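In: structure for this input, please:
(one chain, ligands or ions: 1)
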Amino acid sequence: MDRIRLSGGNSLYGTVAVSGAKNAALPLIAATLLAPGWHTLENVPDLRDTRTMLKLLEILGAEWEREGKRVRINTDNLSGTEAPYELVKTMRASVLVLGPLLARLGTARVSLPGGCAIGARPINYHLQGFEQLGITTSLNEGYVEAKVENRLQGGSVYFDKPSVTGTENILMASVFAQGQTIIKNAAREPEIANLIDMLTAMGAEIEGKGSDRLTINGVTRLKATVSSIIPDRIETGTYMIAVAAAGGKVEIQDCVPAHLPALTEKLLRCGVDIEVGESSLKVCCPISRSENRCQLKSVDVTTLPYPGFPTDLQAQFMALMALGNGTAVIHETIFENRFMHVAELERMGADIKIDGASAIVRGVGRRGLSGAQVMATDLRASASLVVAGLAAEGETEISRIYHLERGYENMVKKLADLGADIHRISE
Ligand code: EPZ
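Out: Model (predicted):
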């Protein structure tokens, strides 16, 4: 399996451009199932996960073509309604085809995604929401079998927790439902607003964008359109943290600073300089060669639904706090097992103690980590190990980097262009 090898100690300088958001591209690709014709999606990142979603659409009968960042998808001739286990087990976001298939074809059979490294990842909220729309669901041989009984009926859907893909699935299932659908305690992530913009451009009637209460008035049909994927806020945040860890001065371009309120605040408290532009961020963290190097203040973090601190940046921020000048408490409230990176960071000399849903991180100082051979366990954990490797003394080798390549486009090249000593080793 391929691996990444990096030598720490180089500060990062220059500019880096952010790619389209993985977690917007996946629902927007699925949404093309709602209407026949040629859909155009701009700024689609070329990732393992987007390739998997496009493969799934092919299995369902769609055809697609990519030209640079533009992907065109035709769903005139859908020939299937089943998402197979072999594919769904590699990417749980495959469940996002449930909503559009039920809306367009009235039936769907999708493998239960199963758990993953960060948690059980149930989809009960999705299924409960479908039931409110006149859809019957059953579990059979590891598959969700769902069927519209007579006609999709508007209903009231309440999420116990603001589920991102749950909100997206119900949004897509309800666009043709008779009458009005209300989603309460809806998730408010920017990727959902991106989906709402696409559905509205296709002819859907949706109110409440950006709020936790969404109202959908059913229509009879939608049309294919042109939509653009928003910049990836988690990739943006990952590079902000990387500069804070390695030191240097980097302009992060083609991003939406307003999508990162919590991380920006936390990095400012760590002592990092951040200059916010319209669609770019300048991150500056000089590390002087003298003894009084730019200290990183240790700062506590609790992960929360948007606009709180994103769980998808928790692992990367923990790697940064491992370099801190004090003790930081990192509390994970979204997933029950999102500390898989701790053991790997400890191999690099980090001092972290897990206490239930919290990790107590005693900083070892800017040059306190040492390079080591470590293993990626999930997408954001692998990004955390890259952040640590950039700052560690010596060489770090990260195995199982297929995890990283699910969600970061050209990360090795982007970091090398900023001056990092990083290479991808093909085996
Ligand atoms: C989305 O996952 C993202 N994935 C995740 O990003 C992200 O970490 C997560 O939202 C939280 O922000 C995509 O958008 C493709 P949830 P999702 O439903 O929708 C519980 C990454 O690294 N829950 O918002 O699956 C769940 O267990 C990935 O890019 C239920 O109990 O997450 C969790 O505790 C990782 N039943 C909480 O709700 C359900 O039916 C929030 O999960 C659904 C969720």
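In: can you tell me which residues in this structure are near the ligand?
Out: Residues of the chain lying close to the ligand (Cβ under 6 Å from any ligand atom) are 22-23, 26, 93, 119, 121-126, 161, 163-166, 187, 311-312, 334-335, 379-380, 407. No exception for glycine: its C-beta is placed from N, CA and C like everyone else's.
In: take these and keep only those in helices.
Out: In this view, the residues of the chain next to the ligand that belong to helices under DSSP state H are 22-23, 26, 124-126, 164-166, 379-380.
In: and which of those residues is nearest residue 350?
Out: residue 380 (16.1 Å; Cβ to Cβ).
In: averaged pLDDT, stretch 171-185. What do you get?
Out: Averaging pLDDT along stretch 171-185 yields 98.
In: number the residues from 493 up from this point.
Out: Renumbered: residue one is now 493, and that last one reads stretch 663-677.
In: quick one: end-to-end distance for it.
Out: End-to-end distance of stretch 663-677 (Cα to Cα, to the nearest Å): 13 Å.
In: how close does the closest residue to residue 499 other than its chain neighbours get to residue 526?
Out: Nearest residue to residue 499 in three dimensions, chain neighbours excluded: residue 913, at 4.2 Å (Cβ to Cβ, 6 or more residues apart in numbering). Separation of residue 913 from residue 526 (Cβ to Cβ, to the nearest Å) stands at 47 Å.
In: what do you get for residue 723?
Out: 24 Å.
In: residue 897 now?
Out: On the measure of Cβ to Cβ, residue 897 and residue 526 end up 29 Å apart.
In: same drill for those two, tell me which one is more crowded.
Out: Using other Cβ atoms under 10 Å as the criterion, residue 897 and residue 526 rank with residue 526 on top: 26 against 21.
In: and that one, what does it touch?
Out: Counting by Cβ atoms under 8 Å, 6 or more residues apart in numbering, residue 526 touches 592, 595-596, 664, 667, 691, 694, 714.
In: the closest residue to it other than its chain neighbours - how many residues pack around it?
Out: Closest residue to residue 526 apart from its sequence neighbours, by Cβ to Cβ, 6+ apart: residue 592 at 4.8 Å. Neighbour count for residue 592, taken as other Cβ under 10 Å: 27.
In: just checking, residue 658 touches residue 618?
Out: Yes: between residue 658 and residue 618 there is a contact at 4.9 Å, judged by Cβ atoms under 8 Å.
In: I'd assumed residue 775 was in contact with residue 739.
Out: No: contact criterion Cβ under 8 Å: residue 739 and residue 775 do not qualify, at 10.3 Å.
In: residue 533 and the ligand, how far apart?
Out: Note on residue 533: its distance to the ligand, by Cβ to the nearest ligand atom, to the nearest Å, is 16 Å.
In: one more: residue 881?
Out: Applying Cβ to the nearest ligand atom to residue 881 and the ligand gives a distance of 19 Å.
In: which residues sit in contact with that residue?
Out: Neighbouring residues of residue 881 by Cβ under 8 Å, 6+ apart: 496, 498, 500, 840, 863, 866, 888, 890, 914.
In: and the third one, how close does it get to residue 815?
Out: So the one you mean is residue 500. Applying Cβ to Cβ, the value for residue 500 to residue 815 is 11 Å.
In: mind putting the ones in helices among the residues of the chain next to the ligand into CSV with neighbour count and pLDDT?
Out: CSV is the format used below for these (neighbours: other Cβ atoms under 10 Å; pLDDT from 0 to 100):
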residue, neighbour count, pLDDT
514, 26, 98
515, 23, 98
518, 26, 98
616, 10, 94
617, 21, 96
618, 26, 97
656, 21, 98
657, 26, 98
658, 26, 98
871, 24, 96
872, 27, 97
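In: just the closest of these to residue 684, please.
Out: Ranked by distance to residue 684 (Cβ to Cβ), these are led by residue 656 at 6.8 Å.
In: does that closest one touch residue 679 like I think?
Out: Yes: Residue 656 is in contact with residue 679 according to Cβ under 8 Å; the separation is 4.5 Å.
In: let me see the domain layout of the protein.
Out: Residue ranges for each domain of the chain read 495-511+723-917, 514-720, as given by automatic domain parsing.
In: residue 814 and residue 875, how far apart?
Out: According to Cβ to Cβ, residue 814 and residue 875 sit 14 Å apart.
In: how about the helices in the protein?
Out: Assigned by DSSP H, the chain shows helices spanning 514-523, 540-551, 577-580, 590-597, 616-623, 656-666, 682-694, 725-738, 753-762, 806-813, 832-839, 871-883, 903-909.
In: nearest to residue 634, of these?
Out: Using Cβ to Cβ, those put helix 577-580 closest to residue 634, at 6.3 Å.
In: buried stuff in that closest one?
Out: Under the neighbour-count criterion of 16 or more other Cβ atoms under 10 Å, helix 577-580 has 577, 580 buried.
In: likewise stretch 498-512?
Out: In stretch 498-512, counting by 16+ other Cβ under 10 Å, buried: 498-504, 508, 510-512.
In: would JSON lines of the residues you listed with pLDDT be doable?
Out: Below are the buried residues of stretch 498-512 laid out as JSON lines (pLDDT from 0 to 100):
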{"residue": "498", "pLDDT": "97"}
{"residue": "499", "pLDDT": "97"}
{"residue": "500", "pLDDT": "96"}
{"residue": "501", "pLDDT": "93"}
{"residue": "502", "pLDDT": "95"}
{"residue": "503", "pLDDT": "95"}
{"residue": "504", "pLDDT": "97"}
{"residue": "508", "pLDDT": "98"}
{"residue": "510", "pLDDT": "98"}
{"residue": "511", "pLDDT": "98"}
{"residue": "512", "pLDDT": "98"}
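In: tell me the two of the residues you listed that are most distant?
Out: Greatest spatial distance among the buried residues of stretch 498-512 (Cβ to Cβ): 501 and 512, at 31.7 Å.
In: let me see the contact set for the residue lying closest to residue 717 once chain neighbours are set aside.
Out: Once flanking residues are discounted, residue 717 sits nearest to residue 693: 4.5 Å by Cβ to Cβ, 6+ apart. Counting by Cβ under 8 Å, 6+ apart, residue 693 touches 717-719.
In: tell me where the model's unsure across this structure.
Out: Counting by pLDDT under 70, the ranges of the chain that qualify are 606-607, 780-786.
In: go again with 80.
Out: Applying pLDDT under 80 to the chain flags the ranges 493, 606-609, 612, 778-787, 919.
In: and for the residue nearest to residue 554 when sequence neighbours are not counted, the neighbour number?
Out: Closest residue to residue 554 apart from its sequence neighbours, by Cβ to Cβ, 6+ apart: residue 567 at 4.6 Å. By other Cβ under 10 Å, 23 other residues sit near residue 567.
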